[in-house]
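In: Predicted model, plus sequence, below.
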Amino acid sequence: MKNEMDDVLKILVSEKELDEITTRIASEIDRDYGESPHRVVLVAILKGSVVFMGDLMRKIKTPIEIDFMKVASYGGNTASTGNINIHLDLQRADIANCEIILVEDIVDSGRTLAHLVEYLKLKGAKSVRTATLLDKPSRRVVDFEADYVGRKVPDEFVIGYGLDFDEKYRALPFVGVLKPEAYEK
């Protein structure tokens, strides 16, 4: 069996840096929501953000709830299609009393989160903010900035800590850059 580490060009965000990022963002969320009279709900965008949300939610002191959405904007390759397809929607009868924080692994084009913010506002959410582990502003095609950003990264294909290529590499404990020959086959 092939070792996934063989396909890693370099480590971009170390385990230590990931811990520092989640601690900082948790602190920012506590600052902004610590006195909220409403339900604070972290909504992970499946599948890539699960690891990030798991670490983040353990560090947030404010009472929170969690939920999930599954959204696709990528086809079978490494580029976004531009179409946002919701495969698993947020189903809450109490959405009008919810302050939602969408949790994403990476903001690339910005289309997905920009779409979801507006979508959840239209569904009646009290407020909608966004938290992303990684931000690739050089790839942005819509006017969108996440409210909580872990780290800006260059335009390289990143994997690990929940991020994948063809469902591989998610369990790596760091964010790495995938060797081009691993995805240019």
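Out: All right, it came through fine.

In: hang on, Asp30 in a strand?
Out: No - the assignment for Asp30, made by DSSP: H, G, I helix; E, B strand; the rest coil, is helix rather than a strand.

In: By mean pLDDT, flag the weakest helix or strand of this protein.
Out: Within the chain, no helix or strand scores below strand 80-88, which has a mean of 77 by mean pLDDT, DSSP states H and E.

In: Buried residues, whichever helix or strand comes after it. List them.
Out: Next in sequence after strand 80-88, counting helices and strands by DSSP states H and E, comes strand 98-107. For strand 98-107, the neighbour count (16 or more other CB atoms under 10 Å) marks 98-107 as buried. Using the backbone N, CA and C atoms, a C-beta is placed for each residue, glycine as well.

In: how much space between the nearest residue to Ala96 once chain neighbours are set aside and Ile86?
Out: Excluding the flanking residues, the one nearest Ala96 by CB to CB, 6 or more residues apart in numbering is Gly124, at 4.7 Å. As for Gly124, its distance to Ile86 is 16 Å (criterion: CB to CB, to the nearest Å).

In: before we move on, what about Asp108?
Out: 18 Å.

In: Check Gly34 too.
Out: Gly34 sits 31 Å away from Ile86, going by CB to CB.

In: need the strands for the protein, in chain order.
Out: Using DSSP state E, the strands of the chain run over 8-13, 39-46, 65-74, 80-88, 98-107, 127-135, 148-152, 158-159, 175-178.

In: Show me the shaky parts of this protein.
Out: Within the chain, the ranges that satisfy pLDDT under 70 run 1, 74-82, 185.

In: If we use 50, what do you get?
Out: Along the chain, segments meeting pLDDT under 50 span 76.

In: In contact with the residue most central in space within the chain, which residues?
Out: The centroid of the chain falls nearest to Glu104 when counting by CA atoms, centre = their mean (1.3 Å). Contact analysis of Glu104 by CB atoms under 8 Å, 6 or more residues apart in numbering lists 45, 48-49, 112-113, 130-133, 146.
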